[in-house]
Every structure is written in structure tokens, then in C-alpha cells.
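[1] pasting a predicted model and its sequence here:
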Amino acid sequence: MRIGIQTGYWSRKPPKGIVPALVAAEALGLDSVWTAEAYGSDAFTPLAWWGSRTRRVRLGTGIAQMAARTPTATAMHAITLDHLSGGRFVLGLGASGPQVVEGWYGQPYRRPLARTREFVDVVREVVARERPVTYDGDFYRLPLPADTAGATGLGKALKPTVHPRRREIPIVLAAQGPKNVALAAEIADGWMAGFYAPKADAEHRALLAEGFAARSGSRSPSSRFEVLATVPAVVRDDVEAAADVIRPHVALYAGGMGSKEANFHKASLDRLGYKDVLDEVQELYLAGRREDAARAVPLELVEEIALVGPAEKVQRDLARWDGTALTTMLLQGDPASVLTVLAAAQEREATTAGRVRSRAGSLLARVAPRKA
């Protein structure tokens with residue numbers, strides 16, 4: 001299992017200590033660094049700025065929101081960063097949710113799965129640079145037809161002036177709902193989970209296998225398909241104190257990211273068996289009682305989705321992810337905690353003679369539902 005760093009999106013201002021942590025982590029064998037965006041900092045600029053201080057790690061958007069840019073503009077970002085990084089770029093995409101898409105970008109949040117299919121199609125066509133880009137979809141039409149309201153009729157099919165470094169840039173889809181997870185396995189090169197819990201591994205494998213079975217053409221499933229998940233990490237001597245750092249994060253996503261009617265993050269956590277307690281967390285959060293909402297998040301839930309506690313406990317807890325479909329763990333936390341977990345992971349790898357890193361066999365077999 002590879003280890004990456006999820007820097008997330010900024011809060012009030014740029015986070016401190018990212019570059020020294022990345023340099024130190026790269027020396028320890030870090031696989032990748034990922035950035036995010038919501039409605040503040042964007043995903044591409046920090047990745048280019050911080051990534052320029054690294055030489056080997058992969059650089060991924062985790063995630064870039066599709067509503068923020070056209071697919072052709074997104075492909076331009078990808079081609080540019082792939083060149084500047086020497087072919088280290090990974091394009092992570094996500095549909096976000098109606099709160100952001102309609103509230104921030106002013107676009108209707110309808111048929112997100114169908115829109116995702118079209119978006120990925122156009123990005124791949126741009127990057128392939130085989131011919132001028134044309135597309136006739138329900139959401140994206142290139143060139144814009146002359147009979148479209150407000151169109152001049154002067155649109156021309158184009159292809160990028162820049163020759164991409166690679167004909168294919170890996171695309172990872174962020175997804176939480178069952179249909180979205182299956183879609184990622186069907187059309188993308190990887191799936192990025194929001195809240196990944198080892199105990200739900202069989203469910204994840206079944207959804208991925210469903211998507212692999214629906215693949216068509218030359219894009220067959222292989223051992224190169226990635227399964228990534230952001231795992232918060234807080235190394236503290238006191239487990240409850242460490243969990244207290246994570247609880248507000250869980251309360252925010254379960255209570256405030258989305259609405260009571262549509263919150264994909266809460267639904268993902270509900271499926272882990274915490275619906276009743278998370279209903280309470282959501283009620284408290286929406287009532288403005290954010291501290292109470294955080295306190296209502298149980299330690300058991302935090303330990304399902306995060307690494308918390310003393311270094312020795314964290315090292316033991318890493319074993320829960322062994323043998324799951326997860327191929328890349330994206331650590332999120334303060335630099336000291338992240339580096340501690342990375343070092344622990346490297347130590348585990350050394351003591352198991354490379355078993356954790358093994359890439360043998362097809363991932364299709366790995367994600368097939370396990371027999372009882």
C-alpha cells in the first residue's frame with residue numbers, strides 16, 4: 001500500500017509547514033501529494049507551487065471540481081502540469097454536491113453521473129490529441145452548434161497547440177455513492193474514497209467489480225487501477241485527545257457539507273452503521289451547536305476512518321488496511337503526525353518483505369467479493 005499526503009483545501013489562509021513536510025516525506029519514500037478545492041483555494045495552483053520543490057512524488061488533484069471548469073480547460077491544466085512535473089501529474093475529478101455546484105458555481109446539479117461520463121470523454125480526447133475535438137453530448141457540445149441561442153456560428157473544432165507529454169494522463173474519480181463508485185471503476189483509472197473503513201471492504205470490492213464488468217473497449221481493468229482514500233492522522237499520547245482533533249472534521253462533513261436532504265458524506269458514514277448518532281450530529285450542527293455536534297461523534301467512528309493515538313497504536317492500527325482494496329492511503333494531518341505514520345508504514349513494509357507493496361495479479365481479482 002502506497003502512502004501519499006492529502007493537503008486538502010485551505011481554511012482562512014495557506015497552511016504552514018507543507019513544503020518542509022513534503023521534502024522530508026519524499027526522502028522517506030512518499031508516493032504522492034494531493035490538493036483539494038471547495039470554495040476557497042483551488043486545487044491546481046498549490047499543487048504546482050509545492051510540487052516544484054519535489055522531484056519524484058506524483059502530483060494529484062484530490063479533487064478538482066468539474067463544475068469549476070469546462071473539460072477542455074481542465075485538460076489544459078492537466079497537460080501543462082504534466083509537462084512541468086515531468087509526467088508526474090494525476091487528474092482527480094469530482095462532481096461535488098448541489099450546495100457548491102448550484103450555490104457557488106451557479107450551475108444546475110442534475111444527472112451528475114451522466115455529466116461525469118461526458119466530462120471524462122472530452123478530457124481524454126483533448127489529451128490524446130489525435131484530431132480536432134468534437135463532441136455532441138447532453139452537457140458538452142464542441143464546437144457549439146450555430147443554432148444555439150447566442151452563438152455566432154463561427155466555432156471551429158480545435159486540438160491543443162501543446163503536444164501532451166503522455167497520450168493518457170491518469171484520471172481518478174472521487175465518489176461516495178454506490179453508483180458513483182461503480183462508475184469510477186468503469187471509466188476511470190482510479191477511485192478516491194471519501195470515508196474509507198476497512199470493515200466495509202467487501203462492499204467496496206463488489207461495487208468496483210460491478211464497474212469493471214461494465215468496461216468497454218480497450219480500457220480493461222488492471223493492476224494499475226488505484227483505490228485511494230484520505231485517512232486523517234493525529235499522533236498523540238492520549239487517544240481521546242487525538243480523536244478530538246478529528247471530531248470537528250467529521251461533524252462538519254456529516255452536518256454541514258450539504259443539506260439535510262442531500263449530504264453524500266453523511267450517507268457514506270451512515271452505511272458504516274452510525275446513522276442514529278450521525279442524525280444527532282447533523283441536528284446539532286444545523287442548529288448552530290457545532291461544539292456539541294463534534295462531542296457527539298463517537299470514538300469508535302473516528303477509529304474506523306482515521307489513525308489516532310500513540311505512535312505504537314497507530315502502527316498496529318495500520319494493519320487493519322492490509323489486504324483491503326485500498327492501494328494508496330492519503331494521510332491528512334499535522335506534519336509531525338503524517339511523518340510519524342509514514343515512517344511507521346515504511347517500517348511495516350520492511351518487516352513484511354515487501355508484501356504490502358506487492359502489485360502482482362489483477363486488481364479485478366482483488367476487488368471481487370470475498371468468499372465467506
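    Sure, I can see it.
[2] just the CA coordinates of stretch 326-342, formatted as CSV?
    The C-alpha atoms that make up stretch 326-342 are tabulated as CSV, following Å, rounded to 0.1, in the frame of the first residue of the first chain:
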residue,chain,number,x,y,z
LEU,A,326,-7.0,0.2,-0.8
THR,A,327,-3.8,0.7,-2.9
THR,A,328,-2.9,4.3,-1.8
MET,A,329,-3.5,5.8,1.7
LEU,A,330,-3.6,9.6,1.7
LEU,A,331,-2.6,10.9,5.1
GLN,A,332,-4.1,14.2,6.3
GLY,A,333,-2.9,15.9,9.4
ASP,A,334,-0.2,18.0,11.0
PRO,A,335,3.3,17.4,9.5
ALA,A,336,4.7,15.6,12.6
SER,A,337,1.8,13.1,12.7
VAL,A,338,2.0,12.5,8.9
LEU,A,339,5.7,11.9,9.0
THR,A,340,5.3,9.6,12.0
VAL,A,341,2.7,7.4,10.2
LEU,A,342,4.8,7.4,7.0
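[3] and the residue most central in space within the chain, what is it in contact with?
    With distances taken as C-alpha atoms, centre = their mean, M192 lies nearest the centre of the chain, 3.8 Å away. Contacts for M192 were tallied using C-beta atoms under 8 Å, 6 or more residues apart in numbering; they are G62, I63, G92, G94, V172, L173, A174, A175, A184, L228, A229, T230. C-beta here means a position set from N, CA and C on the backbone, and glycine is covered the same way.
[4] is the last one bridged to anything, and to what?
    In this case it means T230. Per DSSP bridges, residues listed as beta-bridge partners of T230: L330.
[5] next, the residue nearest to the centre of the chain: secondary structure please.
    Secondary structure assignment for M192 (DSSP: H, G, I helix; E, B strand; the rest coil): strand.
[6] identify the bridge partners of it.
    Applying DSSP bridges to M192 gives these bridge partners: A174, L228.
[7] for this protein, which segments count as strands?
    Using DSSP state E, the strands found in the chain span residues 2-8, 32-35, 58-61, 64-65, 89-94, 135-136, 141-142, 171-174, 190-193, 226-235, 307-309, 328-332.
[8] dump those to TSV, plus mean pLDDT and distance to H163.
    Rendered in TSV, the data for the strands of the chain read as follows (pLDDT from 0 to 100; distance: least, C-beta to C-beta, whole Å):
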stretch	mean pLDDT	distance to H163
strand 2-8	95	29
strand 32-35	98	25
strand 58-61	98	20
strand 64-65	98	22
strand 89-94	98	15
strand 135-136	98	21
strand 141-142	98	20
strand 171-174	98	19
strand 190-193	96	25
strand 226-235	97	26
strand 307-309	97	43
strand 328-332	97	29
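[9] now render those strands as TSV, adding distance to R289.
    Supplementary listing: the strands of the chain in TSV, determined by distance: least, C-beta to C-beta, whole Å:
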stretch	distance to R289
strand 2-8	25
strand 32-35	31
strand 58-61	34
strand 64-65	29
strand 89-94	29
strand 135-136	48
strand 141-142	47
strand 171-174	29
strand 190-193	29
strand 226-235	22
strand 307-309	23
strand 328-332	25
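[10] which stretch among the ones you listed comes nearest E291?
    Comparison of these against E291 by C-beta to C-beta identifies strand 226-235 as nearest, at 18.0 Å.
[11] pull the CA atoms of that closest one into PDB?
    Output for strand 226-235, consisting of C-alpha atoms alone and laid out as PDB, is shown next (Å, rounded to 0.1, in the frame of the first residue of the first chain):
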ATOM      1  CA  GLU A 226      -5.900   2.800  -7.900                       C
ATOM      2  CA  VAL A 227      -8.100   2.800  -4.900                       C
ATOM      3  CA  LEU A 228      -7.300   5.800  -2.800                       C
ATOM      4  CA  ALA A 229      -8.700   7.100   0.500                       C
ATOM      5  CA  THR A 230      -8.000  10.100   2.700                       C
ATOM      6  CA  VAL A 231      -7.200   8.900   6.200                       C
ATOM      7  CA  PRO A 232      -6.800  11.600   8.900                       C
ATOM      8  CA  ALA A 233      -3.800  11.000  11.200                       C
ATOM      9  CA  VAL A 234      -3.300  12.500  14.600                       C
ATOM     10  CA  VAL A 235      -0.500  11.100  16.700                       C
END
